[in-house]
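Undergrad: here are the coordinates; sequence isn't available:
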């Protein structure tokens with residue numbers, strides 16, 4: 001039997017040679033696969049379908065292995081195996097049966113399948129796997145929590161209480177960390193002068209961003225979670241409900257990019273005040289939604305040019321600025337350049353650049369300007385200060 005299968009595979013690939021993973025411009029992966037299934041109770045059609053599913057899954061595995069980098073495979077082995085086991089013919093763009101036969105009550109099929117690289121990458125993102133070097137944002141959690149027996153909300157920031165995450169924040173941390181986000185842990189911070197809303201429950205946007213920027217967070221999640229009696233009971237059990245409301249901000253622009261409102265309900269024994277399980281469930285549900293949104297949002301944002309402000313000044317400014325601007329445009333270093341403000345010996349301009357401020361600064365400092373040079377005196381998120389020098 002083993003020899004027969006080997007011969008079948010050999011004949012198949014002599015007639016239909018394997019086409020290796022093509023370049024990105026083509027975005028196509030041609031792969032091979034073989035599957036088999038025992039025929040039970042003379043149900044040949046059922047056995048054929050099982051063998052076919054196995055063959056296409058085998059082809060998907062080959063396609064996956066051809067594009068997944070070693071670093072991703074080695075650190076996500078179990079997750080990749082889970083993906084392979086759960087997939088079927090729906091992953092393939094198209095497939096063709098290259099050969100099929102029965103032998104010793106076993107149905108055997110060989111296929112060739114066609115996969116789209118972009119679709120595979122999108123599919124992997126559903127499992128929080130990225131093939132590229134996507135740098136995920138660092139996240140800060142500012143979530144107030146109130147248990148059933150509490151008279152007020154508890155929080156870790158701007159407080160003399162213990163500096164530690166609440167149950168809901170721990171659940172969010174676990175879910176987001178499992179998606180490879182870095183969640184910034186609680187720390188002692190200075191009391192903000194801004195007043196909070198809702199009775200010192202939720203910080204306003206400005207205060208939240210100020211706290212988040214103390215640790216250079218890219219994203220801050222602000223909100224509250226409250227446990228309430230669920231109102232239902234059965235036997236010796238009663239329900240506990242947790243209501244959560246979160247708002248997600250970018251710290252660089254202050255933009256509100258997402259908000260979420262969820263409920264989670266569990267049953268617990270009566271007179272048990274610990275509602276940790278309800279907070280865990282709510283955090284898991286909300287964390288999964290926030291994580292999936294941020295993965296898609298951040299990837300899309302990485303592919304878009306960043307708006308960077310250049311503050312330019314220096315001696316003999318005007319002719320040097322004209323030459324500097326012409327070089328940026330002619331070399332297509334930036335996608336757009338607009339003057340924002342003009343003053344006596346300098347100006348502020350805004351450019352669109354496919355990269356960070358640090359990357360643009362490094363690029364600029366390596367440009368040979370004739371008759372003058374540039375001194376970069378400051379590089380921060382979204383801003384570069386440049387001085388023309390002799």
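TA: Sure, I can see it. Keep in mind the model is a prediction, meaning the values are calculated, not measured.

Undergrad: just for the stretch 251-390 of the chain, where's the confidence low?
TA: 270-274, 302-303, 331 (pLDDT under 70).

Undergrad: can you map out the helices along it?
TA: Applying DSSP state H, counting those that start in this stretch to the stretch 251-390 of the chain gives helices spanning 276-302, 317-330, 357-365.

Undergrad: Need phi/psi at residue 179.
TA: Backbone geometry at residue 179, expressed as degrees, to the nearest 10, gives phi -90, psi 10.

Undergrad: So it is in contact with residue 291, correct?
TA: Yes - here residue 179 reaches residue 291: they are 4.2 Å apart, a contact under CB atoms under 8 Å. Every residue, glycine included, has its C-beta placed from N, CA and C.

Undergrad: ok, back up a step: quickly compare the helices of the stretch 251-390 of the chain and say which is most buried.
TA: Mean neighbour count (mean count of other CB atoms under 10 Å) peaks for helix 276-302 among these, with a mean of 19.

Undergrad: for that helix, packing partners?
TA: Identification of packing neighbours for helix 276-302 by 3 or more CB pairs under 8 Å, 6 or more residues apart in numbering; DSSP states H and E yields helix 117-125, helix 167-178, strand 219-234, strand 237-250, strand 256-269.

Undergrad: can you put those in CSV and add mean neighbour count?
TA: Shown next, in CSV, are the helices and strands packed on helix 276-302 (neighbours: other CB atoms under 10 Å):
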stretch, mean neighbour count
helix 117-125, 17
helix 167-178, 22
strand 219-234, 19
strand 237-250, 20
strand 256-269, 15
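
Undergrad: what about these, which gets the closest to residue 326?
TA: strand 237-250 (33.3 Å; CB to CB).

Undergrad: from the middle of its chain, how far away would the closest one be?
TA: Relative to the centre of its chain, strand 237-250 is centred 22 Å away, using CA atoms, centre = their mean, to the nearest Å.

Undergrad: by contact count, what packs against it?
TA: Strand 237-250 makes packing contacts with helix 205-213, strand 219-234, strand 256-269, helix 276-302 when contacts are defined by 3+ CB pairs under 8 Å, 6+ apart.

Undergrad: Go ahead and name everything in contact with the third one.
TA: The one in question is strand 256-269. Contacts to strand 256-269, defined as CB atoms under 8 Å, 6 or more residues apart in numbering, come from residues 205, 230, 234, 236-250, 274-275, 277-278, 281-282, 285-286, 289-290, 293-294, 297.

Undergrad: hmm, 6 Å instead?
TA: Strand 256-269 has contacts (CB atoms under 6 Å, 6 or more residues apart in numbering) with 230, 237, 239-250, 277-278, 281-282, 285-286, 289, 293.
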